[in-house]
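Student: Got a sequence here, can you model it:
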Amino acid sequence: MPRPSWFLAPCLLGATLCSQALFAASLVPPPGYYAPVPVTEKEAQACPTTPPPYTDKLVFRSKYEGSDKARATLNLDSEKAFRSRTAAITEMERGVNRLIMQYLRDGQPAQLECALQWLNEWAEADALLSNEYNHTGKSVRKWALGSLSSAYLRLKFSESQPLAAYAQQTQRIEAWFSTLAEHTVQDWSDLPLKKINNHSYWSAWSVMATAIATDRRDLFDWAVAQFRVGANQVDADGYLPNELKRSQRALAYHNYSLPPLVMIAAFAQANGVDLRAENHGALQRLAERVLNGVDDPDAFASKTGDKQDMDDLKKPNKYAWLAPYCVLYACSADAQALQQTMGPFNTFRLGGNVSQVFEPKHAKGS
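Tutor: Numbering: from 1, shown residues only. Presented below is the predicted three-dimensional model:
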């Protein structure tokens, strides 16, 4: 299919730049993604029915519908409507993740074939590619892409080469991922700074995961560029101004911003791009601000004028960013203790067992 305008434009700057990109080294994930698949004698389970591919317009109600500009007050009725309308998408994200994780644990070919069947059916249906969408809809698209492509990476790069016998299916799946990523880039490019927040970071993570899965240097570069925009939003004290607007949820949304940013940094590092120094160490500054806030949220309360809602921060997988973070950095004793208390981390938004792929035995010297 033709490349979108955002991809073609840089090539007009000169044939030299484009030819250099063509001959760049293939993109790779961090070392833990190469883990082999074990061979076991467990009996394979029947493949669950694929969720119906979602091909309708991507227009959904927001769970914060009716809230003030802080977008921090939950609307239970609209959340229920949102959950109902997106049920098949959520089932797809969680189901593919579960099937791939089961395959990586048990090594049953039927589990692999089931995961590929689900992905192929959605790819063949051009699911999630509607050009009719609202803000919540384009958010759902990028979340789904990140969940699916990051789980797929475990298959793509395993030294056991589980996808070797499925060339036709993987070609179709990866083409679908690429198209979804192109839509995501269009959805989230050229936003004014006042509107760039955690959604942009999560879109960049979904595009980064897809870039590695499909070896698309243009997508990789876009994700890195979005990281840099995010890093340059971090102020001298480690705050994200656009997340401070979330009032009582400001700390929770600072924490929610960290998983995509840290994962992008880890994947960039695997490809020779060190993002840790961006904006004078912004990523580490943000992480330390969040860790201090979890220990004592008073600083966030003072900044926002609202007592912080800590409910989300009691959920272990909200700290999944610690697994890659403690590979990128020498973690503090507090960060290590929090990781031991809350981990191991397994979240479908980051492709499954994050603790496993970032175990110290996989880490290379930084």
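
Student: could you pull out the strands for the stretch 51-200 of the chain?
Tutor: Here the stretch 51-200 of the chain has no strands by DSSP state E, counting those that start in this stretch.

Student: Helices along that one, start to end?
Tutor: 76-85, 87-106, 109-124, 135-157, 167-188, 198-214 (DSSP state H, counting those that start in this stretch).

Student: shaky segments in the stretch 1-150 of the chain?
Tutor: Confidence mapping of the stretch 1-150 of the chain against pLDDT under 70 gives the ranges 1-24, 66-72.

Student: Need the winner for burial among the helices of the stretch 51-200 of the chain.
Tutor: helix 198-214 (a mean of 26; mean count of other Cβ atoms under 10 Å). Quick note: C-beta positions are derived from backbone N, CA and C, even for glycine.

Student: ok so, going back, minimum distance to Val59: which of the helices of the stretch 51-200 of the chain has it?
Tutor: Counting by Cβ to Cβ, Val59 lies closest to helix 135-157 out of those; the figure is 5.3 Å.

Student: by contact count, what packs against that closest one?
Tutor: Counting contacts by 3 or more Cβ pairs under 8 Å, 6 or more residues apart in numbering; DSSP states H and E, helix 135-157 is packed against helix 87-106, helix 109-124, helix 167-188, helix 198-214, strand 352-353.

Student: Among the ones you listed, which comes closest to Ser26?
Tutor: helix 198-214 (9.4 Å).

Student: returning to what we had before: can you put the helices of the stretch 51-200 of the chain in TSV and add distance to Pro52?
Tutor: Formatted as TSV, the helices of the stretch 51-200 of the chain follow (distance: least, Cβ to Cβ, whole Å):
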stretch	distance to Pro52
helix 76-85	13
helix 87-106	5
helix 109-124	9
helix 135-157	14
helix 167-188	16
helix 198-214	22
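
Student: between these, which gets nearest to Pro51?
Tutor: helix 87-106 (4.3 Å).

Student: ok, back up a step: is it possible to get CSV of the helices and strands packed on helix 135-157 that adds distance to Gly305?
Tutor: As requested, these are exported to CSV (distance: least, Cβ to Cβ, whole Å):
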stretch, distance to Gly305
helix 87-106, 34
helix 109-124, 44
helix 167-188, 30
helix 198-214, 21
strand 352-353, 39
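
Student: For Glu132, find the nearest of the ones you listed.
Tutor: Between those, helix 167-188 lies closest to Glu132; by Cβ to Cβ that is 12.0 Å.

Student: For the closest one, give me every contacting residue.
Tutor: 1, 4, 6-7, 116, 119-120, 122-124, 126-129, 133, 138, 141-142, 144-145, 148-149, 152, 156, 163, 199-200, 203-204, 206-207, 210-211, 213-214, 216, 219, 222, 226 (Cβ atoms under 8 Å, 6 or more residues apart in numbering).

Student: got it, and stretch 269-282?
Tutor: Contacts for stretch 269-282 (Cβ under 8 Å, 6+ apart): 25, 27-31, 220, 224, 227-228, 231-232, 234, 264-265, 268, 283-284, 328-329, 366.

Student: Show the average pLDDT along it.
Tutor: With pLDDT averaged residue by residue, stretch 269-282 scores 98.

Student: Distance of the residue with the largest distance to the centre of the chain relative to Asn75?
Tutor: Farthest-out residue of the chain from its mean C-alpha position, per Cα atoms, centre = their mean: Glu41, at 33.0 Å. To Asn75, Glu41 is 50 Å away according to Cβ to Cβ, to the nearest Å.

Student: do Ala266 as well
Tutor: 35 Å.

Student: Looking at these two, which one has more neighbours?
Tutor: It is Ala266, of Ala266 and Asn75, that has more neighbours when counted by other Cβ atoms under 10 Å, with 24 against 16.

Student: for the more buried one, phi and psi?
Tutor: Note on Ala266: its backbone torsions stand at phi -70, psi -40 [degrees, to the nearest 10].

Student: Test my guess that it contacts Pro324.
Tutor: Yes - using Cβ atoms under 8 Å, Ala266 makes contact with Pro324 at a distance of 4.1 Å.

Student: hmm, back to that, helix, strand or coil: sort out the residue farthest from the centre of the chain for me.
Tutor: Look at Glu41: counting by DSSP: H, G, I helix; E, B strand; the rest coil, its state is coil.

Student: quick one, phi/psi of it?
Tutor: The phi/psi pair for Glu41 (degrees, to the nearest 10) is phi -110, psi 10.

Student: Look up how far Asp106 lies from it.
Tutor: 9 Å.

Student: same question, Val37
Tutor: Val37 is 9 Å from Asp106, by Cβ to Cβ.
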